[in-house]
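>>> A predicted structure for the sequence below; I have some questions about it.
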Amino acid sequence: MTVKELLQYRIRNQQLNRLKPHSPETLVDYMGAVQAQDYAMAKWAIALRLQDPGEQQIEEAINEGRIIRLHVVRPTWHFVTSDNVRWMMELSAPSIQKAARYIDQQTGLTVPLYTKARKVLEQVLETEDLTKEEIMDKLAQRKIKIDNLLATQLLIRAETEMLICSGKRKGRRFTYTLFDKRVAPAPAIGREEALARLAALYFKTRGPATLKDFAWWSGLTATDATKGWKAIEKELTPAVVNGGTYWMFEQDLPAAKAVPHSFLLPSYDELTVGYSESRGLLFNGDGNLVGNGIFRAVMMEQQKLTGIWTRTEKKNGIELGFNFLPEHSGTPSRNLISSVKHYEQHTGKPVNFL
């Protein structure tokens, strides 16, 4: 398999060809988890994969609890569906708690403190959704005074214990609500089944990918990632690219003309953040110039990252700035301009670019 063919598979498997009329929640359900550290960019990551990219429908899915935002899989924010969040959290909570342990100690999150705060959360979130600042005020009223960083650690712990999750937004402010108010009960599944389920989800949506790629994305130990992969190994097909072995579910190679090649990718997009050792297949030159394809919003043309883009709110719309890599002509391709138009549909505002 060539690198070009591998990237064609990834683009299609990640739904960037937008051939299926997904709703926001069915797209997130298919993807399993979409990194949502940067909220606006995460909404664009969803919209980029939808035929109808309107931002309002994504906000509605989040506010109505069809999409949940919380720390799951790797210890960072992700969008997941209410159908998947229980088993994913049960699987990933131990590793998230372990990763948070050092900062817990540094900030003073002790077992007695958390136990007291948890009781308050159970009470105050029963009747209304509250912002982080409002929660801190409620705790202070009960003589539990904590600073911002300690509050963050406390709330992450409560998420991993499936006590709280994202609630309805108050304007532009995020809130928390009780997990059980938003997520329906579901039968527990065994850890081995959960590992296999997560592995199947990953290689279906991100393949072809390596085992190390899966371990990075999932936040699992190498041992657990291998267990999940081995459980589905017979269903996977290996592909050798540049001497490395990549795994995928067998399928026909998409026709090159049917696969779009140019996108405005958001920061932390799954096409880049979903991989570790094979992320560099997208780089055209020094990955540092494009934030390794993770930390900055990047432009992709002809299956290569060709620069970064920025967004600035103006009085009459949105202005996009393009900063191409040195070897680029400096003129955006026709397909990249099509992605700009899709972004304009997403925001509902006129978009101009420099």
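All right, it came through fine. Numbers count the residues shown, from 1 in each chain.

>>> I'd like to know which elements the lengthiest helix in the chain is packed against.
Using DSSP state H to define each element, the chain has its longest helix at helix 85-107. Here helix 85-107 touches strand 67-72, helix 148-160, helix 191-206, going by 3 or more C-beta pairs under 8 Å, 6 or more residues apart in numbering; DSSP states H and E. Every residue, glycine included, has its C-beta placed from N, CA and C.

>>> Turn these into a markdown table, including distance to residue 311.
Below are the helices and strands packed on helix 85-107 laid out as a markdown table (distance: least, C-beta to C-beta, whole Å):
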| stretch | distance to residue 311 |
| --- | --- |
| strand 67-72 | 20 |
| helix 148-160 | 26 |
| helix 191-206 | 26 |
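
>>> Most tightly packed of the ones you listed?
Of all the helices and strands packed on helix 85-107, strand 67-72 carries the top mean neighbour count, a mean of 25, counting by mean count of other C-beta atoms under 10 Å.

>>> That strand packs against which elements?
Checking 3+ C-beta pairs under 8 Å, 6+ apart, strand 67-72 ends up next to helix 24-31, helix 55-63, strand 76-81, helix 85-107, helix 148-160, strand 164-166.

>>> again, only using 7 Å
When contacts are defined as 3 or more C-beta pairs under 7 Å, 6 or more residues apart in numbering; DSSP states H and E, strand 67-72 packs onto helix 24-31, strand 76-81, helix 85-107, helix 148-160, strand 164-166.

>>> For my notes, please list these in JSON lines and give distance to residue 140 and mean pLDDT for each entry.
Listed next are the helices and strands packed on strand 67-72 as JSON lines, based on distance: least, C-beta to C-beta, whole Å; pLDDT from 0 to 100:
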{"stretch": "helix 24-31", "distance to residue 140": "35", "mean pLDDT": "97"}
{"stretch": "strand 76-81", "distance to residue 140": "25", "mean pLDDT": "97"}
{"stretch": "helix 85-107", "distance to residue 140": "16", "mean pLDDT": "96"}
{"stretch": "helix 148-160", "distance to residue 140": "10", "mean pLDDT": "97"}
{"stretch": "strand 164-166", "distance to residue 140": "18", "mean pLDDT": "98"}
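
>>> related to what we said a few turns ago, and the next helix or strand past the longest helix of the chain?
Counting by DSSP states H and E, the element after helix 85-107 in chain order, helix or strand, is helix 111-124.

>>> What average pLDDT does the strand ranked longest in the chain get?
What stands out as the longest strand in the chain, according to DSSP state E, is strand 304-314. Mean pLDDT, computed over strand 304-314, is 92.

>>> Which elements pack onto that strand?
Strand 304-314 packs on strand 298-301, strand 317-324, going by 3+ C-beta pairs under 7 Å, 6+ apart.
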